[in-house]
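1. from the sequence below, what's the structure:
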Amino acid sequence: MSITVGIAGLTGKFAQCVVKKLHACHNVTIKGFCRNPQKLPQLAMEKYKIEVIQGEFDDEQAIQNFVGGTDIVICCYFGNTDVMTRGQKILIDACVKEGVPRYLPSDFAVDYTNIPTGELFPKESAQIIKDYLVEKKLAGVHVLVGGLMETFWSEFFQIFDSNTQTLIFWGTGNEKWDLTTYETAAAYVAALAVDKNASGVFRFRGDVKSVFDIKEIYEKVYESPLHLKRLGSLEELYSTVKERFEKDPNNIMAWAPDCFVYWCTNGVASLGDDLDNKKYPRIVPANMESFLKTHKRADIAVADRYIGF
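-> Residues are numbered from 1 along each chain as shown. Modelled structure (predicted):
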């Protein structure tokens with residue numbers, strides 16, 4: 001049975017990973033939506049046979065044309081609050097109008113369903129959109145994967161210095177990180193997209209490791225030391241984040257990365273042990289050791305730049 005999958009935010013790295021995973025499935029047609037199709041390699045468009053609809057995130061007519069005829073819409077937006085909240089509501093409204101039965105929002109993070117209302121969290125849009133899907137009676141397919149491994153080592157989290165091979169941390173160092181690669185997360189998203197019965201909240205994980213665990217794996221794989229530097233307690237981290245937010249809430253990069261670190265490590269928003277990996281046994285998730293083994297030491301800090309087509 002054929003299925004048509006719509007992907008909003010097609011020029012994003014994660015969206016392109018999902019396209020590659022969907023292409024490996026049988027009888028899948030892909031429609032894409034983005035602001036600037038010129039950013040997409042022509043060879044990739046021909047290879048994956050994607051029908052691309054161009055438009056801004058708030059172009060209601062273009063979005064209605066995009067979602068029309070799809071069986072599920074996957075949102076891969078990554079942007080400001082307006083894009084992530086109003087933009088997704090426009091997508092959802094179009095799905096309701098066109099009779100699209102399922103919507104997979106841009107979650108792809110820690111288990112925000114456990115974060116108390118009112119707590120500072122960079123992806124508050126995920127909580128808002130989850131409620132909006134319930135309000136609109138549209139089946140949501142929510143994918144929670146913890147932190148993305150490529151992002152963990154990148155400049156975004158600001159915790160790894162590739163020049164000095166130093167990993168900084170808050171807390172005791174024994175706190176566990178839920179970590180999943182882009183490719184593994186995309187594989188699960190593709191599996192959910194073609195599984196027409198899939199709806200609700202799904203938790204997938206590639207690995208769960210503490211800073212001390214990661215140090216041991218790093219040194220085993222690269223035969224080179226990974227230095228650790230403690231900055232303070234988790235309580236001090238949260239206080240620092242709140243101070244930065246209150247000083248300049250619109251300066252996202254001043255407070256959001258450390259806020260993500262806080263929710264990745266404090267245990268409240270962990271994925272837990274009742275994971276959904278087993279529902280799709282053909283997918284073999286990459287763990288931290290396999291991730292490091294497939295990247296040169298000098299490249300792990302920029303691994304996120306080479307994802308996609």
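
2. after whatever helix or strand residue 7 lives in, which helix or strand is next?
-> Assigned by DSSP states H and E, residue 7 falls within strand 3-8. Using DSSP H and E, the helix or strand that follows strand 3-8 in sequence is helix 13-23.

3. quick one, that following helix and strand 3-8 angle?
-> 170 degrees (axes from the mean of the first three to the mean of the last three Cα atoms, to 10 degrees).

4. other SSEs contacting helix 13-23?
-> Judged by 3 or more Cβ pairs under 8 Å, 6 or more residues apart in numbering; DSSP states H and E, helix 13-23 is in contact with strand 3-8, strand 28-34, helix 42-48, helix 182-194. All C-beta spots, glycine's among them, are computed from the backbone N, C-alpha and C.

5. okay if I get the ones you listed as a markdown table plus mean pLDDT, distance to residue 246 and mean neighbour count?
-> Listed next are the helices and strands packed on helix 13-23 as a markdown table, based on pLDDT from 0 to 100; distance: least, Cβ to Cβ, whole Å; neighbours: other Cβ atoms under 10 Å:
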| stretch | mean pLDDT | distance to residue 246 | mean neighbour count |
| --- | --- | --- | --- |
| strand 3-8 | 98 | 33 | 25 |
| strand 28-34 | 96 | 35 | 22 |
| helix 42-48 | 88 | 43 | 13 |
| helix 182-194 | 98 | 32 | 24 |
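
6. need the ones you listed in a markdown table with distance to residue 115, can you?
-> Shown next, in a markdown table, are the helices and strands packed on helix 13-23 (distance: least, Cβ to Cβ, whole Å):
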| stretch | distance to residue 115 |
| --- | --- |
| strand 3-8 | 25 |
| strand 28-34 | 29 |
| helix 42-48 | 36 |
| helix 182-194 | 20 |
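
7. and of these, who's closest to residue 274?
-> Shortest distance between residue 274 and these, using Cβ to Cβ, is found for helix 182-194: 15.4 Å.

8. and the next element down the chain from that closest one?
-> Per DSSP H and E, the helix or strand that comes after helix 182-194 is strand 200-203.

9. buried residues, that following strand. List them.
-> 202, 203 (16 or more other Cβ atoms under 10 Å).

10. name the strands paired with the strand holding residue 7 and say parallel or antiparallel.
-> Here strand 3-8 has these sheet partners by DSSP bridges: strand 28-34 (parallel), strand 72-75 (parallel).

11. report the distance from it to the chain centre.
-> Between the centre of strand 3-8 and the centre of its host chain there is 17 Å, according to Cα atoms, centre = their mean, to the nearest Å.

12. then it to CSV, C-alphas only?
-> These are the backbone C-alpha positions of strand 3-8, laid out as CSV (Å, rounded to 0.1, in the frame of the first residue of the first chain):
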residue,chain,number,x,y,z
ILE,A,3,1.8,6.3,1.3
THR,A,4,2.5,10.0,0.7
VAL,A,5,4.6,11.8,3.3
GLY,A,6,4.9,15.5,3.5
ILE,A,7,8.0,17.1,5.0
ALA,A,8,7.9,20.7,6.1
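
13. and the strands paired with strand 3-8 as CSV, adding distance to residue 99?
-> Below are the strands paired with strand 3-8 laid out as CSV (distance: least, Cβ to Cβ, whole Å):
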stretch, distance to residue 99
strand 28-34, 15
strand 72-75, 12
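
14. give me the mean pLDDT for stretch 74-94.
-> Stretch 74-94 shows a mean pLDDT of 96.

15. now that stretch: buried residues?
-> Residues 74-77, 83-85, 87-94 are the ones in stretch 74-94 that count as buried (16+ other Cβ under 10 Å).
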